[in-house]
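# What would the 3D arrangement of this be:
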Amino acid sequence: MVTAIFPAAGASRRMKTDTNKNFLEIGGEIVLIRTLKTFSQVERINFLIVVVAENEVEIVEKILSAEKNLKPYKIVVGGSERQYSIANGLKFVPDDAEIILVHDAARPLINLRTIEEVIDAAEKFDGAIAAVREKNTIKIIDAENFVKETPPRSELVAVQTPQGFRKKILFDAYKKAAEDNFLGTDDASLVERIGGKVKIVWSDYKNIKITTPEDIKVAESFLSR
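Model (predicted):
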């Protein structure tokens, strides 16, 4: 069985609106609902955990209760950082879960193929992450903003979600991070630091994260094609 956790407790400061970006609409549908409905179409996923800010629990309950096409779900209060929000969500993962997916609620254009392939890879390895080839040249700089190195672009990927992991290793990774007071950049970084083998699953460039007003326009453009 697969449980999917959706962090949705961000402050949405870069959206320049008082409304949580997950409650905005694209293509006439709320971002959060569009994301959850896509995951609810995956047969192997049997439970959804939606992690939200404490002051938004009531509105999320109202939004989700009005939608009839969702897998069983639990609304959980998040923390001050994304990692702490996921840690809170992990407390409610069902005992029969074998794979845990973590997906940004604000990535509503994720496709079913990518979700399925992340699950497949997570079953074979310790974990798997959706990603795309990096199209830009990346520079590594020093503290004085001088270029130190230009890594080969062929070795670089832009990481997305979902990220999927075997339940035990993700639990172990979060436990170790808490013990070490380590704050990672994503869930995979926690698994990597305890020796987990993480596989890349090729996604597509439409799987954008809604972060700024411009992202709404881009998402609408993708949907209109």
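# Look at residue 199 and tell me its secondary structure.
Applying DSSP: H, G, I helix; E, B strand; the rest coil to residue 199 yields a three-state assignment of strand.
# Roughly how far does it sit from residue 189?
For residue 199, the distance to residue 189 (CB to CB, to the nearest Å) stands at 15 Å. Every C-beta, even on glycine, is put in place using the N, C-alpha and C of the backbone.
# same thing with residue 140?
Taking CB to CB, one finds residue 140 at 17 Å from residue 189.
# the more surrounded of the two?
Neighbours per residue, other CB atoms under 10 Å: of residue 140 and residue 189, the larger number sits with residue 189, 17 against 9.
# Does that one lie in a helix or a strand, and which?
Element membership for residue 189 (DSSP states H and E) is helix 187-192.
# which one is residue 200 nearest to, not counting chain neighbours?
With CB to CB, 6 or more residues apart in numbering as the criterion, residue 200 has its nearest non-adjacent residue at 5.1 Å, and that residue is residue 131.
# just residue 172 next, same as before
residue 194 (6.1 Å).
# Also residue 220?
Once flanking residues are discounted, residue 220 sits nearest to residue 26: 5.7 Å by CB to CB, 6+ apart.
# returning to that earlier point: the residue nearest to residue 172 in helix, strand or coil?
Following three-state DSSP, residue 194 is assigned to coil.
# Let me know how buried it is, in neighbour terms.
Residues contacting residue 194 under the criterion other CB under 10 Å number 14.
# Distance of it relative to residue 126?
9 Å.
# and residue 186, what does it touch?
For residue 186, the contact set (CB atoms under 8 Å, 6 or more residues apart in numbering) comprises 129, 159, 163.
# Give me the residues contacting the host helix or strand of the first one.
The secondary structure element spanning residue 129 is strand 127-133 (assigned by DSSP H and E). Judged by CB under 8 Å, 6+ apart, the contacts made with strand 127-133 from elsewhere in the structure are 110, 114, 117-122, 153, 156-166, 169-170, 186-188, 191, 196-205, 207.
# between the contacts of residue 186, which has the most around it?
residue 163 (27 neighbours).
# Show me the longest strand that occurs in this protein.
Counting by DSSP state E, the longest strand found in the chain is strand 157-166.
# Pull the number of nearby residues for the residue lying closest to residue 156 once chain neighbours are set aside.
For residue 156, ignoring the flanking residues on the chain, the nearest one in space by CB to CB, 6+ apart is residue 134 at 3.9 Å. When neighbours are counted by other CB under 10 Å, residue 134 registers 15.
# How much space separates the spatially most central residue of the chain from residue 135?
Of all residues in the chain, the one closest to the mean position by CA atoms, centre = their mean is residue 103, 2.3 Å from it. Counting by CB to CB, the separation of residue 103 from residue 135 is 23 Å.
# Show me where the protein has its helices.
Shown for the chain, the helices assigned by DSSP state H span residues 31-40, 57-65, 82-90, 112-124, 167-180, 187-192, 213-224.
# Redo these as a markdown table? Include mean pLDDT and distance to residue 47.
Formatted as a markdown table, the helices of the chain follow (pLDDT from 0 to 100; distance: least, CB to CB, whole Å):
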| stretch | mean pLDDT | distance to residue 47 |
| --- | --- | --- |
| helix 31-40 | 97 | 10 |
| helix 57-65 | 95 | 13 |
| helix 82-90 | 97 | 11 |
| helix 112-124 | 98 | 14 |
| helix 167-180 | 98 | 12 |
| helix 187-192 | 97 | 18 |
| helix 213-224 | 91 | 27 |
